[in-house]
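In: please find the sequence and the predicted model below.
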Amino acid sequence: MEERLGIAGSGAIACGLAAVAAQHGDVLLWARSEGSAERARGAVAKWCGKLSEEPVADRVTVVSDIAALAPATFLVEATAEDYDVKGGVLAELGRVSGDDAVLATTTSSLSVAKLAEASGRPERFVGLHVFNPVPKMALVELAYAPQATEPVRERARALCAALGKTAVEVPDIAGFVVNRLLFPFLFSAVELMEQTSLEPNAIDECMRLGAGHPMGPLALLDYVGLDVSKAIGEAIGSPVPKTVEQLVAAGHLGKKTGRGLHTYS
């Protein structure tokens, strides 16, 4: 891998991306706190152990000062799906990045052009929508800021190829392609549950066995996170079902909290 990857974030997407990149070179990963840093180290090590018999997790250096990402040639923001959060982190990355570094966001629903402006480096900015879990999902939706130069676009394509991903270039519209088509379907499954009182397992089993889906729609919402799903729905203009709104308000966000549309032990 020709690029040295710097990742701002310590959640599932950030750690999954770091583990994939560690198979090909050194990685810097920024976490906001020491607690987040420890969790990130554990998550990266777990994924790396599944991906390789070599001690590649040692290639991932977790830092707590965002300025420590400065040596990276390709900096990827992978924080919460919230414009203010992402915009603040990207502004910091724009300040600490080298003159030739590419900046990217993993947003799944927000405007790449708007985030590019927040970075202060729109001519070197791309949307790099990887999918969770990153080590298993082959697709990357690539969306460009209007000012992004052709060399920057080519470096984004090359990075995806180096990571073993298939890049599909998509327009900078809310939800890109996958989420724009997927979330109205997922929310319709919740609405069906509300209308019929069917158990979540019944709906999921129907779609797994009848439509060949690897995961039922309600389980998938829980896996994504109901808070994230709600944010995506709002961004793409797809009405969020009442049940999802209520669960998010109660702090039941899906698999990560142990309860959502399903209950997890």
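Out: Nice, thanks for sending it over. Residues are numbered from 1 along each chain as shown.

In: for P55, what are phi and psi?
Out: When read as degrees, to the nearest 10, the backbone of P55 gives phi -80, psi 60.

In: contact partners for the residue lying closest to it once chain neighbours are set aside?
Out: Excluding the flanking residues, the one nearest P55 by C-beta to C-beta, 6 or more residues apart in numbering is C48, at 7.9 Å. Quick note: C-beta positions are derived from backbone N, CA and C, even for glycine. Residues in contact with C48 (C-beta atoms under 8 Å, 6 or more residues apart in numbering) are A19, A22, Q23, P55, V56, A57, V60.

In: these in strands, which ones?
Out: V60 (DSSP state E).

In: which among the contacts of C48 count as buried?
Out: A19, A22, Q23, V56, A57, V60 (16 or more other C-beta atoms under 10 Å).

In: what ranges does the stretch 51-200 of the chain have for its helices?
Out: Under the criterion DSSP state H, counting those that start in this stretch, the stretch 51-200 of the chain contains helices at 83-96, 112-119, 150-162, 178-196, 200-211.

In: need the winner for burial among those.
Out: helix 112-119 (a mean of 22; mean count of other C-beta atoms under 10 Å).

In: pop the domain breakdown of the chain in here.
Out: The record, using automatic domain parsing to delimit domains, assigns the chain the ranges 5-169, 179-257.

In: re the thing from before, what's the closest of the helices of the stretch 51-200 of the chain to K230?
Out: helix 178-196 (9.8 Å; C-beta to C-beta).

In: what packs against that closest one?
Out: For helix 178-196, the contact count by 3 or more C-beta pairs under 8 Å, 6 or more residues apart in numbering; DSSP states H and E identifies helix 200-211, helix 217-224, helix 226-236, helix 242-249 as packing neighbours.

In: thanks a lot, see you next time.
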